[in-house]
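Q: Provided below are the primary sequence and the corresponding predicted coordinates.
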Protein chains: 2
Amino acid sequence: MTIATKKQYKSLTKVHAILYAKGLHFFSEDAELHCREIGDGNLNYVFHIKDAQSERSLIIKQALPYAKVVGESWPLTLKRATIEAIALKKQAEYVPTLVPTVYATDEDLAITVMEDLSHLKIAREGLIHLESYPKLSRDIGEYLAQTLFHTSDFALHPFEKKGLVSEFSNPELCKITEDLIFTDPFFDHETNDFEPSLRAEVEVIWNNERLKLEVAKLKRSFLTEAEALLHGDLHTGSIFASETETKVIDPEFAFYGPIGFDIGIFLANLIVQSITRETEARNTILQHIEQTWEVFSSTFSTLWKSKSIESYKDTKGFEEYVLDKIFRDTLGFAGCELIRRTIGLAHVKDLDAIVEEEQRLHFKKQALQVGKTLILKRYDLHSIDAVIALLEELHK
Amino acid sequence: MTIATKKQYKSLTKVHAILYAKGLHFFSEDAELHCREIGDGNLNYVFHIKDAQSERSLIIKQALPYAKVVGESWPLTLKRATIEAIALKKQAEYVPTLVPTVYATDEDLAITVMEDLSHLKIAREGLIHLESYPKLSRDIGEYLAQTLFHTSDFALHPFEKKGLVSEFSNPELCKITEDLIFTDPFFDHETNDFEPSLRAEVEVIWNNERLKLEVAKLKRSFLTEAEALLHGDLHTGSIFASETETKVIDPEFAFYGPIGFDIGIFLANLIVQSITRETEARNTILQHIEQTWEVFSSTFSTLWKSKSIESYKDTKGFEEYVLDKIFRDTLGFAGCELIRRTIGLAHVKDLDAIVEEEQRLHFKKQALQVGKTLILKRYDLHSIDAVIALLEELHK
């Protein structure tokens, strides 16, 4: 199948994209379509196609057969376009208002045609500019609970769940996570990228055997625990937001993994924001952190009680055990994300774009410190309030 | 694929089996072949085909499209023949002397042609008759360490491992285990089967919330943890043995699951033997129990040091953490097996064939007691010696 795909694959130009859009019967036949390429060109083409007269528009996203990272280009499976499309459709079964609608897919061309969300802003950009997203944490908490519960063994017949595990087998993109989140940052590896002034802190991490043991355990969870269909890359750059809307995009890393991974990645990216912000603006983020967990856990718990097909669902302590495991995993994965976003290959603008060096380094050291604490103390931090207290402590 | 298979499938007769064997070019062209059907007829046909003159022989095993259990017949996927054949071939890469050689496979007819092992006896039968299998635990310890280590993330590139996870997706047969080992025996379920005199003990199990919580956790491990390619049904009825040979057969339940499951199922079946035996004969079994774990863990540890590709393999404490988790899982799964073999659908002859009622009930109560203890105390039993002590305690 991969070979067949590669034979027929051809990357689109703007002219092709307009022709492709006309074939979809989405626009009226005589529509005059305008096309802009709005992707970053590293992994995908993203064509924005609009009929100025009717104001109708759509997005044609095409995966490129390579990834450009730090100047280099390496081959990357086109299957990720299929994974992204089927993940968006699966998620739409549970949270239709929180993901873009998929209009069409084309496996041979690695194309997904979907709802135009260009009226929204990428949450990371908005958060850096202190924009207000009052619905963000409620929506993401809901997204997490609905997608993760409904794709788990608690909700699905085992035949259906195991079918999805195979359908969403995603070795190439999982390997990126295995290397860049769980391995390279904890060793002196060439993919790492950090300012020379951080070297002392980084070497402390590389030499911290207790920390590495805990990361090894978390990596093992990621490698072996097929709990639910994850988004797989749920940072604030994978979220479109406004004051009234939230849409989760780009689930090309989707696979069956540990539930806490999605929650942890999202919380870590909020934690970075909380580190960089001043008092009042910081409180908004701390509330988002708290609310994400509260909405996730209470919604998950409601679904457990109303919809779980697990024979042991009413066994005393089992729901608490499952939620407690998710919470510990969440903290550990968040810690890994904080460390890799600071010293690994892929950084975040929230930290890197801070011009003033001393300030930037100070925040980066805090991100490393919080990362380590979340990993090492994840069995001592007994509630999301304890995490909030830890973050508030940084500013005292 | 399933539909195509079902179209072409036809069950063999002895005459067909001989014709089929002739087509394999295993025997000389003028060989006069004799055929006996030696299966139990519940799940598979097993044709023993022999050329009296050359003394050469082979087995043609054909899966039937249904299973007969307690008089009923229900449909059962033919894919299990494929799973069994590819599992035997995969295991032969690591322990060629401990599995039957596969000569040929036929997916459409659900046939596996393999080495004739009829000079050996099923270990369960031999053990019941106190036969001596001095190599049994060394061989099974070796089998477990080699097959489980080499199919895990510790040995395989992640692309290869994830490919195998999909290849060995085995929902139908896993569901049998999920129901018959992890669920039904712990609830008042119609599949259960126990003597009325055991009812009081059984109801204590059904009402023991602490026990059920621990079983729920073990079931969750079974459902989610893709650690290694398991045999999936490694009881003493899946082992051919003699004084000099051990061969593990029937891996039709093979799938990616928690490593401790295979070890636990095997140990539980030895534990049943230890319960039913008198002093000296019992010591032989206790030594087998100890040796299985010792050989497994020391071989696994040697492979870890010499062959692990895991970046964290030298991180202090990680190997111990992994082996400790396997040990706890082993005890828990062994406990579930002991309980289900006593009160669930599928019993063992070791207990059921004891004619004297009081004796039989006494041993069954002990099996339930040990099962419960292994599940509930698996974090307090710190070594295999502690398990042996627990078993010796029964006879004081």
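A: That came through, no problem.
Q: make it CA atoms for all contacts and neighbour counts henceforth
A: Fine.
Q: Buried residues, the strand or helix carrying residue A:19. List them.
A: Taking DSSP states H and E as the criterion, residue A:19 maps to helix A:14-22. Along helix A:14-22, these residues count as buried under the neighbour rule (16 or more other CA atoms under 10 Å in any protein chain shown): A:14, A:17-18, A:21-22.
Q: Return the member of those residues nearest to residue A:115.
A: residue A:21 (12.6 Å; CA to CA).
Q: That closest one and residue A:291: what is the separation?
A: Between residue A:21 and residue A:291 the computed distance is 40 Å (CA to CA, to the nearest Å).
Q: For the stretch 251-396 of chain A, which residues score under the pLDDT cut-off?
A: Flagging of the stretch 251-396 of chain A using pLDDT under 70 yields an empty set of residue ranges.
Q: what does it put close to chain B?
A: By the rule CA under 8 Å from any CA of the partner chain, the part of the stretch 251-396 of chain A lying against chain B is A:311-312, A:315-318.
Q: which ones are touching residue A:147?
A: A:91, A:94-95, A:229-230 (CA atoms under 8 Å, 6 or more residues apart in numbering or on different chains).
Q: Chain B: which of the buried residues of helix A:14-22 is nearest?
A: residue A:17 (33.4 Å; CA to the nearest CA).
Q: Mind pulling the model confidence for the closest one?
A: In the prediction, the pLDDT value recorded for residue A:17 is 95.
Q: That one contacts residue A:47, doesn't it?
A: Yes - assessed by CA atoms under 8 Å, residue A:17 is found in contact with residue A:47 at 7.0 Å.
Q: What's the first helix or strand after the host helix or strand of residue A:140?
A: Under DSSP H and E, the secondary-structure element containing residue A:140 is helix A:136-150. With elements assigned by DSSP H and E, the helix or strand that comes after helix A:136-150 is helix A:158-167.
Q: next one: that following helix to chain centre, how far?
A: How far helix A:158-167 lies from its chain's middle: 22 Å, per CA atoms, centre = their mean, to the nearest Å.
Q: Please export the alpha-carbon coordinates of it; PDB is fine.
A: Provided in PDB are the C-alpha atoms of helix A:158-167 (Å, rounded to 0.1, in the frame of the first residue of the first chain):
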ATOM      1  CA  PRO A 158     -12.700  -5.400  22.800                       C
ATOM      2  CA  PHE A 159     -13.000  -6.400  19.100                       C
ATOM      3  CA  GLU A 160     -13.600  -2.700  18.100                       C
ATOM      4  CA  LYS A 161     -10.800  -1.400  20.400                       C
ATOM      5  CA  LYS A 162      -8.300  -3.900  19.100                       C
ATOM      6  CA  GLY A 163      -9.300  -3.000  15.500                       C
ATOM      7  CA  LEU A 164      -8.600   0.600  16.300                       C
ATOM      8  CA  VAL A 165      -5.200  -0.200  17.900                       C
ATOM      9  CA  SER A 166      -4.100  -1.800  14.600                       C
ATOM     10  CA  GLU A 167      -5.700   0.900  12.400                       C
END
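Q: quick one, it and helix B:158-167 angle?
A: 150 degrees (axes from the mean of the first three to the mean of the last three CA atoms, to 10 degrees).
Q: Average pLDDT for helix A:158-167, rounded please.
A: pLDDT averaged over helix A:158-167 gives 98.
Q: following that helix, which helix or strand comes up?
A: Moving toward the C-terminus from helix A:158-167, the next element (DSSP H and E) is helix A:171-180.
Q: quick one: is that next one near chain B?
A: Yes - Helix A:171-180 is in contact with chain B by CA under 8 Å from any CA, via A:171-172, A:175.
Q: Report the distance from the helix or strand that that helix is followed by to the chain centre.
A: Next in sequence after helix A:171-180, counting helices and strands by DSSP H and E, comes helix A:199-206. Chain-centre distance of helix A:199-206: 27 Å, with CA atoms, centre = their mean.
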